[in-house]
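J.: Have a look; sequence and predicted model below, questions after that.
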Amino acid sequence: MNMFRLAIRTTVLAAVALALALPAAAQTQVAVIDVQRVVTESDPGKEVMQNLRALSDAKAQEGQALQQELASLQDQFNKQRFTVSEERQTEMSKEIEDKQIAIRRFQDDAQRELQEAQRRELGGLEEKILPIINQVGQERGLTLIFNKFQSGLVYADEAVDITDQVITRFNTTQ
C-alpha cells in the first residue's frame, strides 16, 4: 500500500509542479480521488484484497498447525519425563527446541512472503489504475487530481470527487 501511496503522491507533486508552470491566466481544474475506496470497492481491488486475505489465512493456518505440533511434543514430554530414560528425555527436549526454531523461521518467512505478496499485488493494481486516473483527468480537462485523504487536503466539495467515475471505469476495463 505504501508504494501505491508514494506513486499517488509523486503523481500529485508532478501535477502541482505542472500547474505552477502553467501561465497564471490558465484556469485550474481540480479534482480529488479516494484511492482507498478504489482499492476496497473496485472489482480488481476486491480481488487483490481477497487474494491477500486468502494467503494470510493460509499462513495463519500453517502456523496454528505448527503450534499444535509443539504443544503435542511438550505434552508428550511432560507425561513421559519420569518414565523414560535420560537419553530419551534429551531427545525429546531437542525435538521441542527444533520445533520452536522451526516455528520462528516459519513466522519470519510467512511475514516476508505476505509483505512481498502485498507489494506485488498492490503494485500491479497501481499499474492498472494510474492510466485510468490520468485518462479521466484528461477527459474532464483537469489540471490537478489530489489523493483525497493523503494530500493534506482539508476540504473538497463532493462535486470534484472523481472516485466513483474511476471505480466504474476501472471495473469495466478489466
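T.: Now that the structure is in, tell me what you want to look at.
J.: Pass me the low-pLDDT residue ranges in the protein, would you?
T.: 1-26, 174 (pLDDT under 70).
J.: Show me what secondary structure element comes after the top helix by length along the chain.
T.: Counting residues, the longest helix found in the chain (DSSP state H) is helix 86-139. Per DSSP states H and E, the first helix or strand lying C-terminal to helix 86-139 is strand 144-147.
J.: Check the offset of that following strand from the chain's centre.
T.: 21 Å (C-alpha atoms, centre = their mean, to the nearest Å).
J.: Tell me the strands beside it, with direction?
T.: strand 30-33 (parallel) (DSSP bridges).
J.: With only the CA atoms kept, save the strand it pairs with in CSV.
T.: What follows is strand 30-33 as a C-alpha-only set of coordinates in CSV (Å, rounded to 0.1, in the frame of the first residue of the first chain):
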residue,chain,number,x,y,z
VAL,A,30,-9.1,20.4,-9.6
ALA,A,31,-10.5,17.0,-8.6
VAL,A,32,-10.0,14.6,-5.7
ILE,A,33,-9.9,10.8,-5.6
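J.: Name the residues that touch that strand?
T.: Applying C-beta atoms under 8 Å, 6 or more residues apart in numbering, the external contacts of strand 30-33 come out as 133, 137, 140, 142-148, 151, 153, 156, 160-163, 166. Every residue, glycine included, has its C-beta placed from N, CA and C.
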